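[1] Predicted model, plus sequence, below.
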Amino acid sequence: MPNHINISVLRKLVQLAAFLFLVYGSVIVGFYSVDKISNALPALSCAYDTKTADYCTLIPLQHRMDHDLGRAILAGTSILTALMPGLVILSTFLIMFVVLNKAFCGWICPLGFFQEILTLIGQKLGLRRIESLPEKLVQRIRPFKWLMLTVLIFGLPILAGMGVVSNELGSPFCRICPSRILTSMATGDATQMYIDTSSTAYFILSLIANLLFGLMIAWGLFFRQPFCRICPMLALHAVFKKIGLVRLVKNAKPRCEKCGLCAKACPMDIKEIHTDMVHKDVLFSDCTLCGRCVEFCPDKDVLQMKYAFMPIISADPQYFKRRKKSQTQWEKKNLLGKK
């Protein structure tokens with residue numbers, strides 16, 4: 001790892017550039033222009049943002065489950081034919097996903113970037129932060145991302161297409177996704193933060209949307225990545241993580257059992273990075289490939305981010321000392337003065 005580069009700062013710059021492109025990129029490339037190439041990105045860049053250059057792959061997936069698969073099941077027509085548009089969307093998702101794997105979450109996603117900024121704001125305001133959530137709570141939260149994926153992205157849209165539930169549930173995740181409010185408001189459009197009284201389903205979904213957005217902001221000031229932990233995109237990434245070229249590798253040493261700095265640095269509270277002493281592949285389902293665990297590992301090459309077989313970030317004791325010092329200095333200062 002180059003000793004003069006702060007990986008966290010570099011990642012923030014990449015996140016900022018991605019945020020600007022995904023939220024305002026149509027100024028350069030035109031509205032949805034990139035969609036002609038990618039057929040939607042594997043990151044939460046919202047289609048409701050009228051200035052976006054691209055949008056999240058979850059919205060076309062929901063539409064295909066509703067308009068194609070659900071209606072095909074209802075009509076008794078070919079399910080394979082109905083699945084083809086959804087498979088095309090998924091295949092273009094996979095082509096891009098192979099390139100960056102789950103790093104789309106840690107380096108590209110505008111909603112993930114926003115949550116990290118919230119944490120920085122909370123820190124600079126001197127708020128009492130929760131460094132790590134209790135392990136039992138983390139274990140209880142983890143299934144929710146799979147529930148969101150199966151129920152909101154596939155289950156309810158299919159049932160809506162079949163007529164089992166109302167048409168308002170054809171794209172339920174987009175109705176409650178915080179990115180819909182965030183990215184539209186970032187362009188000066190506040191119309192997505194409202195209570196929709198046109199139907200009972202829309203009323204409930206809009207209430208949930210505003211509640212989630214508010215809770216994400218409130219919680220984000222006190223602990224890291226609150227919405228990321230239940231995000232269906234994280235679950236979708238986890239399904240295909242084995243095929244991505246970016247990997248997180250651990251070469252465990254006896255010192256690892258007593259250290260635990262990697263788990264403490266992890267914004268997703270993945271304790272298994274520390275406790276797993278057997279597997280080399282430590283790209284767990286909740287990992288966003290942010291690289292903080294590698295940065296804060298004090299032993300040479302114990303943790304590595306690799307692109308295929310080539311290390312791109314490796315744990316280094318000299319880098320660790322410098323990074324730890326800069327982190328300590330950063331945490332001592334807030335807007336109210338030094339702690």
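    Yes, it's here. Residues are numbered from 1 along each chain as shown.

[2] May I see the buried residues of the helix or strand harbouring Leu80?
    Using DSSP states H and E, Leu80 maps to helix 79-100. Within helix 79-100, the residues that count as buried by 16 or more other C-beta atoms under 10 Å are 82-83, 85-86, 89-90, 92-93, 96-97, 100. Glycine gets a C-beta too; all of them are placed from N, C-alpha and C.

[3] can you check stretch 291-309 too?
    Under the neighbour-count criterion of 16+ other C-beta under 10 Å, stretch 291-309 has 291-299, 301-305, 307 buried.

[4] got it, and stretch 130-148?
    With burial defined by 16+ other C-beta under 10 Å, the residues of stretch 130-148 counted as buried are 132-133, 138, 142, 145-146, 148.

[5] Among the buried residues of stretch 291-309, which are located in strands?
    303-305, 307 (DSSP state E).

[6] residues of stretch 276-286 that come out buried?
    276, 282-286.

[7] so, if you compare the residues you listed, which one comes nearest to Phe19?
    Set against Phe19, the nearest of the buried residues of stretch 276-286 by C-beta to C-beta is Asp286 (22.0 Å).

[8] Confirm the closest one sits in a strand?
    No. Per DSSP: H, G, I helix; E, B strand; the rest coil, Asp286 lies outside any strand segment and is coil.

[9] Just to check, Cys262 is in contact with Leu303?
    Yes. With contact defined as C-beta atoms under 8 Å, Cys262 counts as touching Leu303 (6.2 Å).

[10] got any residues that touch both of those two?
    273, 293-294, 297 (C-beta atoms under 8 Å, 6 or more residues apart in numbering).

[11] can you put the residues you listed in a markdown table and add pLDDT?
    Compiled in a markdown table, the shared contacts of Cys262 and Leu303 are given as follows (pLDDT from 0 to 100):
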| residue | pLDDT |
| --- | --- |
| Ile273 | 95 |
| Cys293 | 96 |
| Val294 | 96 |
| Cys297 | 96 |
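
[12] Inside helices: which ones of those?
    Secondary structure defined by DSSP state H assigns 273, 293-294 of these to helices.

[13] Endpoints of stretch 216-234, how far apart?
    16 Å (C-alpha to C-alpha, to the nearest Å).

[14] And that stretch, how far out from the chain middle?
    Distance of stretch 216-234 from its chain centroid, counting by C-alpha atoms, centre = their mean, to the nearest Å, is 9 Å.

[15] Done for today, thanks.
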